[in-house]
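1. okay, here's the prediction I keep looking at, along with the sequence it came from:
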Amino acid sequence: MNYSQIAQSVLDQARAAHAEAEAYIATGSQTEISVDRGQVEKLSKAGSKGLGVRVIQNGQMGYAYTSDFSPASVAKTTQAALMLAQVSDADEYRTLPEPQPIADADLQIYDPEIEAQSTDAKVAFAKAVEAAALAADPRVAMTNRATYVDGVAHVHLANTKGFSGGYAATFAGSFVMAIAADGDERATAFGLGVSTAWRDLDAEKIGREAGERAAKLLGGKPVKTQEATVVYSPFAAAGLVGALSRALTAESMQRNRSFLQGKMGQEVGSDVLTILDNGRLPGGMATRPFDDEGVPTNATRLIDEGVLQAVLQDTYTANRENAQSTGNASRGSHRGAPSLAPSNFYIQPGPQTPDELIGDVANGFYVVNVMNTAAINPVSGDYSVSAQGFWIENGALTHPVNNVTIALPLDKLLKNVKAVANDLIFLPFGGSIGAPTLRVDGMMIGGI
């Protein structure tokens, strides 16, 4: 099927109505496999395709979509978008972006090996993850559904401004929750691996990390309430970084819904803290040559050595303040118009290894897991989460800790970051959130 022709028919119809228009076409497939006790519990394979039509006429926007690519359906969908635009409120900042050159580079986001793997091979991978978790320690009693997922996407985008482009992307990943038991004690831990390339996935590592960590967390007890150093594992830091991604958007600033409001150009963190969003990171889960309205993706330094330098922009927010889009327009599928969102959003790794960073801590708390991260408030800056992990004494992990909370307002937390390790890991949460091991001094630990 010629997607360029489908897009062109949309644009021709819109031009005839003296309107600007954008055609977004996405096709792909997804696989999900879950195993329990060595048996396949769920196996689903699904294909998807869709066309989204966005029309803008005198600042009025209409959006319609379809999964039927027949000429009649495409024409009907375009007409629906035109009609919806006529009854919407006008907004002078709602425009399509002007076309810009797209750099030609291998972004390493498509791996044919993912498509080439048989269903049997994917089932075997999920079973291997579960087996590795169970074999990691005799106290690992069970797992909560070892799962393998993957997806292939083909995107084509064109608009009446003259932009036309496309790309293909893949991802594959696996996760498992290991449950360890010792008498009446229970402890759980998560293992995860995800990549745009099949060769990067390691079933043994994913399962083993979950099983070993769950066993080590057995017997965790709360510590005394105190102010101390907290060291986040990359997985535990993801919730924190995700909240920062929501605070560092132009939309949040324009709506006065960020604790960083009004602090552009000021020191908002320690000088070891640099936060970036990079839509062109090679092999990144959210990497693509252009965003979902055709703007080239970029690497944007948001907080540079503690100083707030920029926020994420799409065309709409950039128009509101006479700025430039950072290439961060995104959409979940063809069913919705693009909106502002992070791509590969992460804390820049530092020079130390995790062991070196922990070795510098005389007394503190190494956090493995955090809970109730939805309570982190990027508007007010409130930060308080439940946590479990291990106590640090003289640079070494000692006894497990559970049933405690860690808290500190986000503005103080950023300034108390004292060290960043070199073990950057990305998790597919809210785009692609990346964090290395992180040391934060002076945090409140609520225990007994």
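-> Ah, there it is. Numbers count the residues shown, from 1 in each chain.
2. would you map the helices across this structure?
-> 3-16, 71-87, 112-116, 119-135, 203-216, 234-247, 250-254, 315-320, 354-359, 410-415 (DSSP state H).
3. for the ones you listed, which one sits closest to residue 279?
-> helix 234-247 (12.9 Å; C-beta to C-beta). The C-beta positions use only the backbone N, C-alpha and C, and glycine is treated the same way.
4. give me the angle between the closest one and helix 203-216.
-> Relative orientation of helix 234-247 versus helix 203-216 (axes from the mean of the first three to the mean of the last three C-alpha atoms, to 10 degrees): 100 degrees.
5. what distance separates helix 234-247 from the centre of its chain?
-> Put simply, helix 234-247 sits 9 Å off its chain's centre (C-alpha atoms, centre = their mean, to the nearest Å).
6. same question for stretch 172-188.
-> 24 Å.
7. now do stretch 76-96
-> Using C-alpha atoms, centre = their mean, the offset of stretch 76-96 from its chain centre is 30 Å.
8. that stretch: which residues count as buried?
-> Using 16 or more other C-beta atoms under 10 Å as the test for burial, stretch 76-96 gives 77-82, 84-85, 88, 94, 96.
9. list the contacts for the closest residue to residue 117 other than its chain neighbours?
-> With sequence-adjacent residues excluded and distances taken as C-beta to C-beta, 6 or more residues apart in numbering, residue 117 is closest to residue 198, at 6.5 Å. Applying C-beta atoms under 8 Å, 6 or more residues apart in numbering to residue 198 gives the contacts 111, 113-114, 117, 172.
10. could I get those as a markdown table with neighbour count and pLDDT?
-> Shown next, in a markdown table, are the contacts of residue 198 (neighbours: other C-beta atoms under 10 Å; pLDDT from 0 to 100):
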| residue | neighbour count | pLDDT |
| --- | --- | --- |
| 111 | 22 | 98 |
| 113 | 11 | 97 |
| 114 | 21 | 97 |
| 117 | 17 | 96 |
| 172 | 25 | 97 |
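11. if I look at the residue nearest to residue 216 when sequence neighbours are not counted, how far off is residue 187?
-> The shortest distance from residue 216 to any non-neighbouring residue, by C-beta to C-beta, 6+ apart, is to residue 400 (6.4 Å). Using C-beta to C-beta, to the nearest Å, residue 400 is found at 8 Å from residue 187.
12. got it, and residue 422?
-> In terms of C-beta to C-beta, residue 422 sits 28 Å off from residue 187.
13. neighbour count winner among the two?
-> residue 187 (23 against 14; other C-beta atoms under 10 Å).
14. check contacts around the nearest residue to that one once chain neighbours are set aside.
-> Excluding its sequence neighbours, the residue lying closest to residue 187 (C-beta to C-beta, 6+ apart) is residue 217, at 3.9 Å. Taking C-beta under 8 Å, 6+ apart, we find residue 217 in contact with 180, 187-189, 368, 388-389, 400, 402.
15. could I get the helices of the chain as a markdown table with distance to residue 343?
-> Listed next are the helices of the chain as a markdown table, based on distance: least, C-beta to C-beta, whole Å:
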| stretch | distance to residue 343 |
| --- | --- |
| helix 3-16 | 23 |
| helix 71-87 | 26 |
| helix 112-116 | 20 |
| helix 119-135 | 27 |
| helix 203-216 | 24 |
| helix 234-247 | 10 |
| helix 250-254 | 15 |
| helix 315-320 | 15 |
| helix 354-359 | 26 |
| helix 410-415 | 21 |
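16. nearest to residue 160, out of those helices?
-> helix 3-16 (5.1 Å).
17. mind checking how far the closest one is from the chain centre?
-> Using C-alpha atoms, centre = their mean, the offset of helix 3-16 from its chain centre is 33 Å.
18. just the C-alphas of it, formatted as CSV.
-> C-alpha atoms of helix 3-16 as CSV (Å, rounded to 0.1, in the frame of the first residue of the first chain):
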residue,chain,number,x,y,z
TYR,A,3,1.1,5.5,2.2
SER,A,4,2.4,8.6,0.4
GLN,A,5,-0.6,8.5,-1.9
ILE,A,6,-3.0,8.1,1.0
ALA,A,7,-1.4,11.1,2.7
GLN,A,8,-1.5,13.1,-0.5
SER,A,9,-5.2,12.5,-0.9
VAL,A,10,-5.8,14.0,2.6
LEU,A,11,-3.7,17.0,1.8
ASP,A,12,-5.3,17.7,-1.6
GLN,A,13,-8.8,17.6,0.0
ALA,A,14,-7.7,20.0,2.8
ARG,A,15,-6.1,22.4,0.3
ALA,A,16,-9.4,22.4,-1.7
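19. can you state the direction angle for it and helix 71-87?
-> Using the same axes, to 10 degrees, helix 3-16 lies at 40 degrees relative to helix 71-87.
20. thinking again about what came up before, from residue 367, how far out is the residue nearest to residue 187?
-> 11 Å.
21. could you do residue 13 as well?
-> Counting by C-beta to C-beta, the gap from residue 13 to residue 367 is 55 Å.
22. more neighbours: those two, which one.
-> The residue with more neighbours, out of residue 13 and residue 367, is residue 367; 25 against 20, by other C-beta under 10 Å.
23. isn't the more buried one up against residue 231?
-> Yes: if you go by C-beta atoms under 8 Å, residue 367 and residue 231 touch, sitting 6.8 Å apart.
24. who's in contact with residue 385?
-> So residue 385 contacts 239, 370-373, 375-376, 405-407 (C-beta under 8 Å, 6+ apart).
25. er, residue 390 actually
-> Contact partners of residue 390, counting by C-beta under 8 Å, 6+ apart, are 216, 365-366, 368, 397-401.
26. if you rank those by neighbours, which is first?
-> For the contacts of residue 390, neighbours tallied by other C-beta under 10 Å; top is residue 366, 26 neighbours.
27. so residue 370 bridges to which residues?
-> residue 387 (DSSP bridges).
28. tell me, how many residues neighbour it?
-> Counted with other C-beta under 10 Å, the neighbours of residue 370 add up to 22.
29. so how far is residue 235 from it?
-> 9 Å.
30. what distance do you get for the closest residue to residue 195 other than its chain neighbours to residue 424?
-> Leaving aside its chain neighbours, residue 195 sits nearest to residue 201 (5.9 Å; criterion: C-beta to C-beta, 6+ apart). Distance from residue 201 to residue 424, counting by C-beta to C-beta: 18 Å.
31. who's more crowded, those two?
-> residue 201 (19 against 16).
32. the more buried one against residue 175, yeah?
-> No: the criterion here is C-beta under 8 Å, and residue 201 misses it with residue 175 at 11.2 Å.
33. any common contacting residues for those two?
-> Going by C-beta under 8 Å, 6+ apart, residues that sit against residue 201 and also against residue 175 are residue 193.
34. what does stretch 92-108 rub up against?
-> Taking C-beta under 8 Å, 6+ apart as the rule, stretch 92-108 contacts 20, 22, 56, 59-61, 159-163, 165, 196-197, 280, 282-284, 287-290, 293-296, 315-316, 319-320, 325.
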